[in-house]
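In: compute the structure for the input listed below.
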Amino acid sequence: MPSLAQYFEANRYKAKWHIGDRVTGKWNQIPFVGSVGNDTLINESEGPRVSVHLDLPITHKNQTHTIIFVHPKNLKEFR
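Out: This is a model prediction of the structure:
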């Protein structure tokens, strides 16, 4: 019988980004640059998401955002 550690290693989401990684991408068609806060899987229906702490705030639909949540595949390493 496999241990819980072996089960989670074989079957659960593995983070692609680490805290502090510099990333860039587009969120609602708005380009951004920021640092990764967390890469996690909240639930299976939504899929994984990455919190990004933005270098500059983004205003979208009359709200200002300093932290956004993005799908990991929509991020690129910032160089």
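
In: phi first, then psi, for Gln63.
Out: Backbone torsions for Gln63, taken as degrees, to the nearest 10, come to phi -120, psi 140.

In: and it, how far is that from Ile42?
Out: When distance is defined by C-beta to C-beta, to the nearest Å, Gln63 is 21 Å away from Ile42. The way it works is simple: take the backbone N, C-alpha and C, and place the C-beta from them, glycine included.

In: so these two - more neighbours on which side?
Out: Legend: neighbour count by other C-beta atoms under 10 Å for Gln63 and Ile42, higher for Ile42 (11 against 7).

In: which residues touch the more buried one?
Out: Arg49 (C-beta atoms under 8 Å, 6 or more residues apart in numbering).

In: so how far is Phe8 from it?
Out: 16 Å.

In: how about Glu77?
Out: 26 Å.

In: which one's more surrounded, the two?
Out: Neighbours per residue (other C-beta under 10 Å) separate Glu77 from Phe8, with Phe8 holding more: 12 against 9.

In: residues near the residue lying closest to Pro2 once chain neighbours are set aside, how many?
Out: Leaving aside its chain neighbours, Pro2 sits nearest to Ala10 (7.7 Å; criterion: C-beta to C-beta, 6 or more residues apart in numbering). Under the neighbour criterion other C-beta under 10 Å, Ala10 is assigned a count of 8.
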